[in-house]
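Peer 1: this one's structure only:
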C-alpha cells in the first residue's frame with residue numbers, strides 16, 4: 001500500500017514537470033488527472049500551487065497586470081528559460097516598484113543567461129553608466145541592489161560620486177543598503193551630498209549596513225540644515241553607539257527647533273548611558289514645551 005502511494009506521488013510530480021516543459025499552465029493540466037488531487041485532496045483548483053511555464057512567463061510579462069506578473073514569476077522561480085530572460089529583464093524598468101523588484105529577484109536566481117558577458121547583469125551596469133534617461137539609470141541602480149552581487153558595488157559607488165541626477169544618487173545609496181555594503185566609502189560621500197534625498201537614503205542604508213563605522217562623517221549630520229537628516233543622523237549615531245558624540249547630541253536635545261529631533265536625541269542619550277547627560281535630561285524632562293520630548297527625556301533618565 002505504501003509503495004503504491006509513493007508511486008502515485010512520483011507520477012504526480014512527473015505530470016507536473018511534463019506540464020511545465022510542454023509550455024502550458026501546470027495547474028490546469030494536472031487538476032483533472034490524479035496528480036493534483038492525490039497531493040491536495042479537496043483543495044480548490046485556484047488555491048493549488050502551480051509551476052509557471054516559459055510560455056506563460058513571456059505572455060504575462062507583457063500583460064500590464066502587476067499582480068499576475070508577481071504570481072507568475074514567483075511560481076517560475078526554478079524554471080530555466082533562456083528565452084524568458086530578455087522579457088523579464090525589461091520588467092526591471094517597469095513603473096511599478098514591486099514588479100521591478102521581483103523581476104531582478106527572478107533573474108538573479110537563473111543558473112544560465114544572466115551573469116555572462118553582454119547578458120542581463122552587464123546590461124544593467126551599462127544602463128546605470130550610460131543611459132541618457134535618469135529614471136532608467138535610477139531603476140538600474142535599484143536592480144543592482146536586488147541582484148546582491150558584489151560586482152555592482154563599484155558601479156553604485158561611481159553613480160554616487162559622478163551622476164548628475166539626485167534621483168540616481170539616492171537610488172544607488174539605497175541599493176548599497178540592500179547589498180549590506182558601505183560601497184567603499186560611497187555612503188559617507190552620499191551623506192555629504194547637496195541633495196537632502198541622497199543624504200537621507202545614505203543614512204538609512206548606513207543604519208542597515210554591518211560594515212559602516214564612519215562615526216566622524218555621521219557626527220556631522222547633527223548640524224545639517226534638514227530636520228529629517230538631523231533626526232536620522234542621531235538615530236544612526238545611536239545605532240553606532242557613538243558615545244564620543246554625546247556633547248553634540250545633548251545640544252540637539254536641548255535646543256533643536258524640531259521636536260522629533262529633540263526626542264530622538266534624548267533617546268540616544270539614554271542608549272549612550274553617559275552620566276554627563278543626566279542634568280541635561282532632567283532639565284528637558286521638566287521644561288521642554290513638547291510632551292513627547294519630556295517623556296523621551298524621562299525614559300532616557302531611567303537608562304542612565
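Peer 2: Great, that's in hand. These numbers come from a predicted model, not from an experiment.

Peer 1: Look up phi and psi at residue 274.
Peer 2: phi -100, psi 120 (degrees, to the nearest 10).

Peer 1: Neighbours of it, how many?
Peer 2: 16 (other C-beta atoms under 10 Å). Every residue, glycine included, has its C-beta placed from N, CA and C.

Peer 1: Over to residue 231?
Peer 2: Neighbour number of residue 231 under other C-beta under 10 Å is 25.

Peer 1: Need the three-state assignment for residue 193.
Peer 2: Secondary structure state of residue 193, per DSSP: H, G, I helix; E, B strand; the rest coil, is coil.

Peer 1: Now do the contacts for the nearest residue to it once chain neighbours are set aside.
Peer 2: Nearest non-adjacent residue to residue 193, counting by C-beta to C-beta, 6 or more residues apart in numbering: residue 199, 5.4 Å away. By C-beta atoms under 8 Å, 6 or more residues apart in numbering, the contact set of residue 199 is 190-193, 221, 224, 226, 229.

Peer 1: where's residue 207 relative to residue 174, distance?
Peer 2: Shown here: residue 207 relative to residue 174, a distance of 12 Å by C-beta to C-beta, to the nearest Å.

Peer 1: And for the one helix or strand residue 99 maps to, what's in contact with it?
Peer 2: Assigned by DSSP states H and E, residue 99 belongs to helix 97-108. Helix 97-108 has contacts (C-beta under 8 Å, 6+ apart) with 66, 69-70, 73-74, 76-77, 85, 88-89, 91-94, 114, 120-121, 139, 142-143, 146-149.

Peer 1: Selecting buried members of the contacts of residue 199 in PyMOL, what would you type?
Peer 2: Applying 16 or more other C-beta atoms under 10 Å to the contacts of residue 199 leaves a buried subset, and the PyMOL line that selects it is:
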select buried, resi 190+191+193+221+224+229
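
Peer 1: Please state the offset of the helix holding residue 99 from the chain centre?
Peer 2: The chain centroid and the centroid of helix 97-108 are separated by 11 Å, computed with C-alpha atoms, centre = their mean, to the nearest Å.

Peer 1: and whatever helix or strand residue 168 lives in, what does it pack onto?
Peer 2: Element membership of residue 168 [criterion: DSSP H and E] is helix 166-178. Secondary-structure packing of helix 166-178 (3 or more C-beta pairs under 8 Å, 6 or more residues apart in numbering; DSSP states H and E): helix 134-147, helix 153-162, helix 186-190, helix 196-208.

Peer 1: Make CSV out of the ones you listed and add distance to residue 248 and mean pLDDT.
Peer 2: CSV is the format used below for these (distance: least, C-beta to C-beta, whole Å; pLDDT from 0 to 100):
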stretch, distance to residue 248, mean pLDDT
helix 134-147, 31, 98
helix 153-162, 25, 98
helix 186-190, 18, 98
helix 196-208, 16, 98
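
Peer 1: Distance to residue 244 for the ones you listed - can I get that in JSON lines?
Peer 2: Below are the helices and strands packed on helix 166-178 laid out as JSON lines (distance: least, C-beta to C-beta, whole Å):
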{"stretch": "helix 134-147", "distance to residue 244": "31"}
{"stretch": "helix 153-162", "distance to residue 244": "26"}
{"stretch": "helix 186-190", "distance to residue 244": "17"}
{"stretch": "helix 196-208", "distance to residue 244": "17"}
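
Peer 1: sorry, back to before: in the contacts of residue 199, find the pair that's most separated.
Peer 2: Maximum pairwise distance among the contacts of residue 199 (C-beta to C-beta): 13.9 Å, between 190 and 226.

Peer 1: This structure - how does it break down into domains?
Peer 2: 2-214, 215-304 (automatic domain parsing).

Peer 1: got the buried residues for the helix holding residue 99?
Peer 2: Using 16+ other C-beta under 10 Å as the test for burial, helix 97-108 gives 99-108.

Peer 1: again with stretch 241-256
Peer 2: Neighbour counts over stretch 241-256 (16+ other C-beta under 10 Å) mark 242, 245-246, 248-250, 252-254, 256 as buried.

Peer 1: And those residues, which two are furthest apart?
Peer 2: 242 and 254 (18.3 Å).

Peer 1: Check the secondary structure at residue 59 for me.
Peer 2: Applying three-state DSSP: residue 59 is helix.

Peer 1: Based on its surroundings, how many neighbours for it?
Peer 2: Look at residue 59: counted by other C-beta under 10 Å, it has 13 neighbours.

Peer 1: what do you get for the one 4 residues further on?
Peer 2: Residue neighbour count, defined by other C-beta under 10 Å, stands at 11 for residue 63.
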